[in-house]
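structure for the following, please:
(2 chains)
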Amino acid sequence: GQNIDQPTEMTATEGAIVQINCTYQTSGFNGLFWYQQHAGEAPTFLSYNVLDGLEEKGRFSSFLSRSKGYSYLLLKELQMKDSASYLCAFLPNNAGNMLTFGGGTRLMVKP
Amino acid sequence: KAGVTQTPRYLIKTRGQQVTLSCSPISGHRSVSWYQQTPGQGLQFLFEYFSETQRNKGNFPGRFSGRQFSNSRSEMNVSTLELGDSALYLCASSLYWSSLSGNEQFFGPGTRLTVL
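Coordinates of the predicted model:
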């Protein structure tokens, strides 16, 4: 079957680094997405990994290990505006754009 | 470039009624996907349309249906509404559809449906 897990909540301090983990199980895999969603707003795309390794985009980085079914999102130099839910989603094989989402990790950044 | 637009933004219905939600994708995008978001179940895929054809369907009852028009605009319909259908319905558009690789999906602001 298909399954995807991520922590429900995390708290971090402004200026710090936080890592949000995501594990998944699927028989076919076509990539792993991370989205950010502020309360009451639409999800916005952060990153897409299809090969193993680290993808860096400014303060945000995403890592994928296909053999371990594991990904993480790394947020550096945390800012108050980073308080949001972070959604991990994988794309099965032959599934077009049909994403399977985790429950989301609600990140609270404190001063 | 205008983003994904959804109408209406808020809707209140009663059990047994039906509802139609509309989504206009980003200009030039031809794939439209629909998702349901609830606090308990998170974001769940409903269906995806490309070139007026349903390409994928999630695990939802037949009361949920959709269609896509030649201009790529899409509508979804829910008939015989139940209390559990109360949710945020999100539409996402993508440039293309492919079974071989993923591409970025841009989400609209959603329609908040409340069923009383």
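
every contact and neighbour count from this point should use C-alpha atoms.
Will do.

near chain B, which residues of chain A?
A:30-31, A:41-45, A:48, A:91, A:93-104 (Cα under 8 Å from any Cα of the partner chain).

among the residues you listed, which ones are buried?
A:30-31, A:42-45, A:48, A:91, A:93-104 (16 or more other Cα atoms under 10 Å in any protein chain shown).

now, the residues of chain A next to chain B that are in strands?
The strands, defined by DSSP state E, take in A:44-45, A:48, A:100-101 from the residues of chain A next to chain B.

tally of neighbours for residue B:76?
19 (other Cα atoms under 10 Å in any protein chain shown).

helix or strand: which one has it?
strand B:74-78 (DSSP states H and E).

that strand near chain A at all?
No. Figure legend: strand B:74-78 not in contact with chain A (Cα under 8 Å from any Cα); closest approach 15.4 Å.

quick one: strands adjacent to that strand?
strand B:19-24 (antiparallel), strand B:64-68 (antiparallel) (DSSP bridges).

just send these back as a markdown table, with mean pLDDT too.
Output for these, formatted as a markdown table (pLDDT from 0 to 100):
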| stretch | mean pLDDT |
| --- | --- |
| strand B:19-24 | 98 |
| strand B:64-68 | 97 |
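
to residue A:79, which of those lies closest?
Evaluated over the strands paired with strand B:74-78, closeness to residue A:79 peaks at strand B:19-24, with 32.9 Å, by Cα to Cα.

contact partners of that closest one?
B:4-8, B:13, B:72-79, B:81, B:91, B:108, B:111 (Cα atoms under 8 Å, 6 or more residues apart in numbering or on different chains).

again with stretch A:42-53
Counting by Cα under 8 Å, 6+ apart, A:30-37, A:55, A:60-66, B:90, B:104-110 sit against stretch A:42-53.

next: stretch A:9-26.
Contacts of stretch A:9-26 (Cα under 8 Å, 6+ apart): A:1-7, A:69-80, A:88, A:90, A:92, A:105-111.

how many neighbouring residues does residue A:57 have?
11.

got the phi/psi numbers for it?
phi -140, psi 90 (degrees, to the nearest 10).

check the gap between it and chain B for me.
15 Å (Cα to the nearest Cα, to the nearest Å).

check that residue and give its pLDDT.
Predicted confidence (pLDDT) for residue A:57: 90.

beta partners of it?
Here residue A:57, judged by DSSP bridges, has bridge partners residue A:60.

coming back round to it: among the ones in strands among the residues of chain A next to chain B, which one lies nearest to residue B:51?
For these, the nearest to residue B:51 is residue A:100 (22.3 Å; Cα to Cα).
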